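Student: Predicted coordinates and the sequence they were generated for:
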2 protein chains.
Amino acid sequence: MSDNQFNPLESLAFLTNRVGRLLSSDIRRRAGDDVEGLYSTHIGVLVDLWKQDGLRQQDLVTSVVKDKGTIARALDNLEKNGIVVRLADARDRRNKRIYLTPKGKTLKDTMLPHALASVNEVLEGISEEEVAICKKVLRRMYKRLSHSRQEHL
Amino acid sequence: MSDNQFNPLESLAFLTNRVGRLLSSDIRRRAGDDVEGLYSTHIGVLVDLWKQDGLRQQDLVTSVVKDKGTIARALDNLEKNGIVVRLADARDRRNKRIYLTPKGKTLKDTMLPHALASVNEVLEGISEEEVAICKKVLRRMYKRLSHSRQEHL
DNA sequence: AATTAGTAGTTGCGTTTGCAACGAAGAACG
DNA sequence: CGTTCTTCGTTGCAAACGCAACTACTAATT
């Protein structure tokens, strides 16, 4: 059996899966006590919120690519720990807006360095062009997959 | 807050995570009834076995990048469904070798086309060179992360 | 205005997951 | 040999996950 038959699969479907999981756990390992009780879903949510505060819960579902229920419970957890608050949108009360508390904003300063250190160390020696191309390919895959996903729901 | 601060993170740690998950579920969606009861871990295990039959259980743990227990239970499931068998290695009876049954080998023919179709469709319009670079970067990341992971266990 | 359809979020349920503690088998050392 | 150390696999447990059913609210149609 030829290995070539598997290369696209092996290299992309499963490599992305595995690299993604390893990166998350590497970041957690580095952050250690700083992220006590925070798991990869929480970190994913926080990264989005650090980027833009006040997102709707549904935005997080789309972006983190997990189930509504999973996100709802992750937010329960973050809210219970005083890291975010949920506020109903005045214009459309179906929506809830998620805001970082001061504690949530502080967490950014403690965690982000670990996350950046992890990524930088892993990418050391790889040229910026190559990294840029890799990102571009992944972004494209992401875009198409999330479209075709919505079509089939 | 500058977005640049997030780019490496957003693009790699989380993109890989999300693309990986989307790809798995896309493959499952395409395969439909053919993969009744098979989840992403099972598919990951099977892809490895299709590539090389008779792997040790530990090899799968390393390659699929999940916990020992997770793999043990995934194999319980696959064995119960008559897709693989576990045989103790005669030379070192701590090891168990995992072999595909005829049913497991047949499954390859039904599932692999779906998996390949998914990947090919998602990559359409992206040049082979770019895909190759993307793979190279991911492989490198994978290698480093799995090393640093073992060091810290 | 009333009915219908659609969207956002919550909750119950069964499965999967990672962690940690355990047992079994071999390796290394005296 | 016998003891200790390591490696591979299993199992208990609690947390996280996806799915599906449900509620609350809004939009569209009549």
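Tutor: That came through, no problem.

Student: where in chain A is pLDDT low?
Tutor: A:1-15, A:17-18, A:32-37, A:146-153 (pLDDT under 70).

Student: Strands along that one, start to end?
Tutor: A:55-56, A:84-88, A:96-100 (DSSP state E).

Student: export the ones you listed to a markdown table and tack on distance to DNA strand D and mean neighbour count?
Tutor: For glycine as for every other residue, the C-beta is placed from the backbone atoms N, C-alpha and C. Formatted as a markdown table, the strands of chain A follow (distance: least, C-beta to the nearest atom of the strand, whole Å; neighbours: other C-beta atoms under 10 Å in any protein chain shown):
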| stretch | distance to DNA strand D | mean neighbour count |
| --- | --- | --- |
| strand A:55-56 | 13 | 17 |
| strand A:84-88 | 8 | 15 |
| strand A:96-100 | 11 | 18 |
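
Student: out of these, nearest to residue B:142?
Tutor: Using C-beta to C-beta as the measure, strand A:55-56 is the one of the strands of chain A that comes nearest residue B:142, at 30.8 Å.

Student: That closest one near chain B at all?
Tutor: No. On the criterion C-beta under 8 Å from any C-beta of the partner chain, strand A:55-56 is out of touch with chain B, staying 14.1 Å away.

Student: Packing partners of that strand?
Tutor: Where contact means 3 or more C-beta pairs under 8 Å, 6 or more residues apart in numbering or on different chains; DSSP states H and E, strand A:55-56 is packed against strand A:96-100.

Student: Please go through chain A and pick out the longest helix.
Tutor: helix A:128-151 (DSSP state H).

Student: just to revisit the earlier point, mind checking which of the strands of chain A is nearest residue A:128?
Tutor: strand A:55-56 (29.5 Å).

Student: what's the spacing between that closest one and its chain's center?
Tutor: Chain-centre distance of strand A:55-56: 15 Å, with C-alpha atoms, centre = their mean, to the nearest Å.

Student: which residues sit against that strand?
Tutor: Outside of strand A:55-56, the residues within contact range by C-beta atoms under 8 Å, 6 or more residues apart in numbering or on different chains are A:48-49, A:89, A:95-98.

Student: Which residue, other than its chain neighbours, is closest to residue A:140?
Tutor: The spatially closest residue to residue A:140, leaving aside those adjacent along the chain, is residue B:126, at 6.1 Å (C-beta to C-beta, 6 or more residues apart in numbering or on different chains).

Student: Dihedrals phi and psi, that neighbour?
Tutor: Residue B:126 adopts backbone torsions of phi -100, psi 130, taken as degrees, to the nearest 10.

Student: tilt between the longest helix of chain A and helix B:128-151?
Tutor: Orientation check (axes from the mean of the first three to the mean of the last three C-alpha atoms, to 10 degrees): helix A:128-151 against helix B:128-151 gives 100 degrees.

Student: So which other helices or strands are in contact with helix A:128-151?
Tutor: Using 3+ C-beta pairs under 8 Å, 6+ apart, helix A:128-151 sits against helix B:15-31, helix B:102-123, helix B:128-151.

Student: repeat that for 10 Å
Tutor: Other elements packing on helix A:128-151 under the criterion 3 or more C-beta pairs under 10 Å, 6 or more residues apart in numbering or on different chains; DSSP states H and E are helix A:15-31, helix A:57-64, helix A:102-123, helix B:7-8, helix B:15-31, helix B:102-123, helix B:128-151.

Student: and that helix, how far from the chain's centre?
Tutor: Between the centre of helix A:128-151 and the centre of its chain there are 14 Å (C-alpha atoms, centre = their mean).

Student: Tell me if that helix is near DNA strand C.
Tutor: No. For helix A:128-151, no contact with DNA strand C is found by C-beta under 7 Å from any atom of the strand; the gap never falls below 10.3 Å.

Student: Can you check which of the strands of chain A gets nearest to residue A:134?
Tutor: strand A:55-56 (26.5 Å).

Student: Paired strands for that closest one, with orientation please.
Tutor: Next to strand A:55-56 in the sheet, as set by DSSP bridges, lie strand A:96-100 (antiparallel).

Student: Now tell me what touches the strand it pairs with from outside.
Tutor: Outside strand A:96-100, the residues that touch it by C-beta atoms under 10 Å, 6 or more residues apart in numbering or on different chains are A:45-46, A:48-50, A:53-60, A:71-72, A:75, A:78-79, A:83-90, A:104-108.
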